[in-house]
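J.: Dropping a prediction and its sequence here:
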Amino acid sequence: MALRQILSFNKRLISSPSNSVAGVASFSSKSNPYIVKVGIPEFLNGIGKGVEQHAEKLESEFGDFQKLLVARTLKLKRLGLKCQERKMILKYAHKYRLGLWRPRAEPLKS
């Protein structure tokens, strides 16, 4: 009985594709739904933690989301953002530029 199980396990290893490991769950490459257009309000809502209250201030100052992504800390400080808020915005802007983070889409309500 044990020999039969070992042989069947070996057959599965041989027949499985070389890039996957038998016995390990395969992960899907499909990503979660994202917002197609990311603007300053969507970006700040994605960060959360109180920075979304500055959306209209940043929208009027920068106007374009790409300008916010390259903003410096002194520019944000002159707008009256606290240190922790500036750090959160700059940290997530860096992650967004590298493609490591995107704000999640809100689920559609039917």
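T.: The structure has been received and is ready for your questions.

J.: so where is this structure shaky, pLDDT-wise?
T.: For the chain, applying pLDDT under 70 flags the ranges 1, 9-36, 106-110.

J.: Go again with 80.
T.: The model of the chain has pLDDT under 80 over residues 1-37, 105-110.

J.: export the longest helix belonging to it as PDB, just CAs?
T.: In the chain, ranked by residue count with DSSP state H as the criterion, the top helix is helix 83-98. Extracted in PDB, the C-alpha atoms of helix 83-98 (Å, rounded to 0.1, in the frame of the first residue of the first chain):
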ATOM      1  CA  CYS A  83       4.900  65.000   9.100                       C
ATOM      2  CA  GLN A  84       3.200  61.600   9.200                       C
ATOM      3  CA  GLU A  85       0.800  62.500   6.400                       C
ATOM      4  CA  ARG A  86       3.700  63.700   4.200                       C
ATOM      5  CA  LYS A  87       5.600  60.400   4.900                       C
ATOM      6  CA  MET A  88       2.500  58.300   4.000                       C
ATOM      7  CA  ILE A  89       1.900  60.200   0.800                       C
ATOM      8  CA  LEU A  90       5.600  60.000  -0.300                       C
ATOM      9  CA  LYS A  91       5.900  56.400   0.700                       C
ATOM     10  CA  TYR A  92       2.900  55.300  -1.300                       C
ATOM     11  CA  ALA A  93       3.800  57.600  -4.200                       C
ATOM     12  CA  HIS A  94       7.200  55.800  -4.400                       C
ATOM     13  CA  LYS A  95       5.500  52.400  -4.300                       C
ATOM     14  CA  TYR A  96       3.100  53.500  -7.000                       C
ATOM     15  CA  ARG A  97       5.900  54.600  -9.300                       C
ATOM     16  CA  LEU A  98       7.600  51.300  -8.800                       C
END
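
J.: Show me what it is packed up against.
T.: In terms of contacts (3 or more Cβ pairs under 8 Å, 6 or more residues apart in numbering; DSSP states H and E), helix 83-98 is packed against helix 40-47, helix 65-69, helix 73-78. Backbone N, C-alpha and C define where each C-beta goes, glycine included.
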